[in-house]
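>>> sequence and predicted structure are below.
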2 protein chains.
Amino acid sequence: MKVTTAIEHFTNPLYLESGRILEPYDLKYETYGELNEDKSNVIVVCHALTGSHHAAGLYEGDLKPGWWDGMIGDGKAIDTTQYFVICVNVIGSCFGSTGPMSPKYPSTNPYRLKFPVITISDMVKAQRILFDRLGIHKAHAVIGGSMGGMQALCFSVEHPNFAKKHIILASTYATQPWAIAFNKVAREAVIKDPAFQNGQYDPKEIKEKGFAGLSTGRMCGYISYLSPHSMERKFGRDYVETDGLYALFGKFQVERYLDYNGINFVNWFDPLSFLYITKAINIFDATRNYDSLEDSLSRIRSEIVLIAFKSDLLFLPKEMKTIEETIKKIGKEDLVSYKLIDSDYGHDAFLVELDKFSHYIREALQERK
Amino acid sequence: MKVTTAIEHFTNPLYLESGRILEPYDLKYETYGELNEDKSNVIVVCHALTGSHHAAGLYEGDLKPGWWDGMIGDGKAIDTTQYFVICVNVIGSCFGSTGPMSPKYPSTNPYRLKFPVITISDMVKAQRILFDRLGIHKAHAVIGGSMGGMQALCFSVEHPNFAKKHIILASTYATQPWAIAFNKVAREAVIKDPAFQNGQYDPKEIKEKGFAGLSTGRMCGYISYLSPHSMERKFGRDYVETDGLYALFGKFQVERYLDYNGINFVNWFDPLSFLYITKAINIFDATRNYDSLEDSLSRIRSEIVLIAFKSDLLFLPKEMKTIEETIKKIGKEDLVSYKLIDSDYGHDAFLVELDKFSHYIREALQERK
């Protein structure tokens, strides 16, 4: 599989939904496989909150491959012998695309809290501009899970002639209060930690000294990504440290898991990007610029494949079902399909239990007869 | 309804499960109704994490009655014209019974982190000692929800001859990792806040200046007490503050709700009590001193009434079902009953949706024919 990582610099302004402008800006992206002659084999993969453009392949010296490596590759469900796959780091993130810690031109100082509020629409608009520069004006499919699914839905509504198929996993048409509440706790933990310094933290210093609020916020996120059942299976009441009476002074496995992932998060993700992207998720609402969900989804011209997960508590299957039912209601039943995957893994199933649904993605990508 | 609030002081040591001793100690409690002549009408009500002995009635000047006022009173399901109801503030709490901010005798300085680890068994043992002093050696029933249900189960196993009936709501036989994880995040938020000062905080100062970590911790708890459905119904995507573009800079209703309850929590609950009681919940395991759950529950001699709630995510109905099935398995099917209440309110249903199950409690309290 041919993997290319690149960055593009844009000097034209990016007009944001908030009315503000981002200018200039960078977009980092990765591609897998090769673009065919008529450019008809493009698949856009959209990443989630803490994901990046590095969706597949293994970087030299790394232990872990890209976040959807089981899905993307030669002979895999998103087959790179057939398709040219592209994944773009969203604006607002911290892996190379412009985000709150990028220099605020013409200064070399970072935006920090002066970075504009970003929406899912903005993320998608920036990707379209990048694709245009790359000479890609059409895609075979756009695919994403969680926040990536929001982007895929947004592509289908706001750029209805761009892709033939949109595959949306473990996502929603508008973020509901349960998910907003988890983000609220995580955001509070970050903002109220004195280490945040009202956004003026030193990125090196927090990596050295830790940033408890960001770690706690991440732990809170982890709860929402799993399910009571997956935690039971994964951890039970096992404990790692005990000191005298059974479990009385010990640390449970689940606590160690949260500690490890929470503390580690500071090493690879930026607190301000975390705040801006969770904000984008909270305010995501496919009906915002339309009269209703019917009105919004009536713009769709492409095939919509919805894949929901039974134990997903962050974005409930019924939210995905609402998308299906609404598309059917407006007379486009031919365009939509909905699959409910039997998994007790929680929201993270779309990253973990690939065996349970990758064949649906493989099939969905095939041309209809 | 006659309401009496009182405190008892004990100078004998309380031997704790950890091997440590609490000496001396106080227990604050409240009673409703009147004890009959043969003392056969006692109902013990056990409170949850942040509850208190004030289970019913309205204090002068208060706007809110006790936490289960809809359940306890003249003519109510727990009928105070018939029963003498007693509710004790658990040790470790902060409403009058001895807890981490109580003076560590002979000093007048508080225990703080020198307070011993408390278990559910310890809470129950202390209550039995209080009842003995009050001349109450038997009860008609012990009732509790959530941590109160853990106490009720503990009464039935460890004090099998004390009460005739145990009514356990929205609880478990051993705290599972999902609940431990929520407590973990909340505890991290408290401990890592510099305002905690490693337990040396000034209680007045935190009330004046706020204690963000405790507020964030409480918010996290609130998520676990509700459900995706109850939040949707309660808040939807309504927003309270908007500034220009719809919801882009606003605060959602669910965020305001969490803010309000989180910030307010500091005014009425103590951070160290929060840590000690969440610890007691995390380490609760009815099998700890037994070979198995069968072995533990085989000690039961009383009627066990289990009331679970469909959307309870903190203590899943299947955990309650396990108690029922285990009791049946060991040949005591006559003793146990299980009701699953159809509610989408989440864990808090046992405090909120009384109409849906109070008749079961009224019936369960009646003598069997």
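Now that the structure is in, tell me what you want to look at. Numbers count the residues shown, from 1 in each chain, chains lettered A, B, ... in the order given.

>>> list the buried residues in the helix or strand of chain A with the lowest mean pLDDT.
Least confident element among the helices and strands of chain A, by mean pLDDT, DSSP states H and E: strand A:239-241 (a mean of 79). The neighbour-count check on strand A:239-241 (16 or more other Cβ atoms under 10 Å in any protein chain shown) flags A:Tyr239 as buried. The C-beta positions use only the backbone N, C-alpha and C, and glycine is treated the same way.

>>> how about stretch A:15-30?
Residues of stretch A:15-30 classed as buried: A:16-18, A:22, A:25-30 (neighbour count, 16+ other Cβ under 10 Å).

>>> contact residues of the stretch 201-350 of chain A facing chain B?
Residues of the stretch 201-350 of chain A lying near chain B by Cβ under 8 Å from any Cβ of the partner chain: A:212-213, A:215-216, A:219-220, A:222-223, A:226-228, A:231-232, A:234-237, A:244-249, A:252-255, A:258, A:262, A:282-283, A:285, A:288, A:313, A:316.

>>> narrow these to those in strands?
A:Phe252 (DSSP state E).

>>> taking the residues of the stretch 201-350 of chain A next to chain B one by one, which sit in helices?
A:212-213, A:215-216, A:219-220, A:222-223, A:228, A:231-232, A:234-235, A:253-255, A:258, A:262, A:282 (DSSP state H).

>>> mind giving me the ChimeraX select for these, buried ones only?
Buried members of those, identified by 16+ other Cβ under 10 Å, are gathered into one ChimeraX selection as follows:
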select /A:212,213,215,216,219,220,222,223,228,231,232,235,253,254,255,258,262,282
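
>>> and the residue nearest the centre of chain A, which of the three is it?
In chain A, the centroid-proximal residue (Cα atoms, centre = their mean) is A:Ala48; its distance is 1.0 Å. What DSSP: H, G, I helix; E, B strand; the rest coil gives for A:Ala48 is coil.

>>> surely it meets A:Met150?
No: using Cβ atoms under 8 Å, A:Ala48 is not in contact with A:Met150; the gap is 9.2 Å.

>>> any residues in contact with both of these two?
A:Gly144 (Cβ atoms under 8 Å, 6 or more residues apart in numbering or on different chains).

>>> and the gap between the closest residue to the residue nearest to the centre of chain A other than its chain neighbours and B:Glu8?
In this structure, A:Ala48 finds its nearest non-sequential neighbour in A:Ser146, 4.0 Å apart by Cβ to Cβ, 6 or more residues apart in numbering or on different chains. A:Ser146 sits 54 Å away from B:Glu8, going by Cβ to Cβ, to the nearest Å.

>>> which of those two has more neighbours?
In terms of neighbours (other Cβ atoms under 10 Å in any protein chain shown), A:Ser146 is the more surrounded of A:Ser146 and B:Glu8; the figures are 28 against 15.

>>> check contacts around that one.
Applying Cβ under 8 Å, 6+ apart, the residues near A:Ser146 are A:48-49, A:169-171, A:314-315, A:347, A:350.

>>> picking that back up, go back to the buried residues of stretch A:15-30 and keep what's next to chain B.
A:17-18.

>>> kindly reformat the buried residues of stretch A:15-30 as a markdown table containing secondary structure.
Shown next, in a markdown table, are the buried residues of stretch A:15-30 (three-state DSSP):
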| residue | secondary structure |
| --- | --- |
| A:Leu16 | coil |
| A:Glu17 | coil |
| A:Ser18 | coil |
| A:Leu22 | strand |
| A:Tyr25 | strand |
| A:Asp26 | strand |
| A:Leu27 | strand |
| A:Lys28 | strand |
| A:Tyr29 | strand |
| A:Glu30 | strand |
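
>>> quick one: least confident of the buried residues of stretch A:15-30?
The lowest pLDDT within the buried residues of stretch A:15-30 belongs to A:Ser18, with 90.

>>> what comes up buried for stretch A:67-84?
Buried, per 16+ other Cβ under 10 Å, within stretch A:67-84: A:67-73, A:76-80, A:82-84.

>>> about what we covered before: by neighbours, which of the contacts of A:Ser146 wins?
Taking other Cβ under 10 Å as the neighbour criterion, A:Ala170 ranks highest of these with 32 neighbours.

>>> what residues does the stretch 51-200 of chain A have near chain B?
A:117, A:119, A:174-178, A:180-182, A:184-185, A:188-189, A:192-194.

>>> next step: those restricted to helices.
A:177-178, A:180-182, A:184-185, A:188-189, A:192.

>>> pLDDT of whichever strand or helix holds A:Val157, averaged?
Using DSSP states H and E, A:Val157 falls within helix A:147-158. Regarding helix A:147-158, the rounded mean pLDDT is 98.

>>> show me how chain A divides into domains.
A:3-175+A:286-365, A:179-280 (automatic domain parsing).

>>> wait, which of these is closest to B:His159?
domain A:179-280 (20.4 Å; Cβ to Cβ).

>>> these two touch, right, A:His47 and A:Ala152?
No: using Cβ under 8 Å, A:His47 makes no contact with A:Ala152, being 11.1 Å away.

>>> so what's in contact with these two at the same time?
Both A:His47 and A:Ala152 are contacted by A:Gly144, under the criterion Cβ under 8 Å, 6+ apart.

>>> give me the more crowded residue out of those two.
Neighbour tally, A:His47 and A:Ala152, criterion other Cβ under 10 Å: the higher count belongs to A:Ala152, 29 against 26.

>>> and that one, how far is that from A:Ile78?
13 Å.

>>> and A:Ser93, what does it touch?
Per Cβ under 8 Å, 6+ apart, neighbours of A:Ser93: A:52, A:99, A:273, A:277.

>>> cool, A:Asp69 as well?
Per Cβ under 8 Å, 6+ apart, neighbours of A:Asp69: A:55-58.
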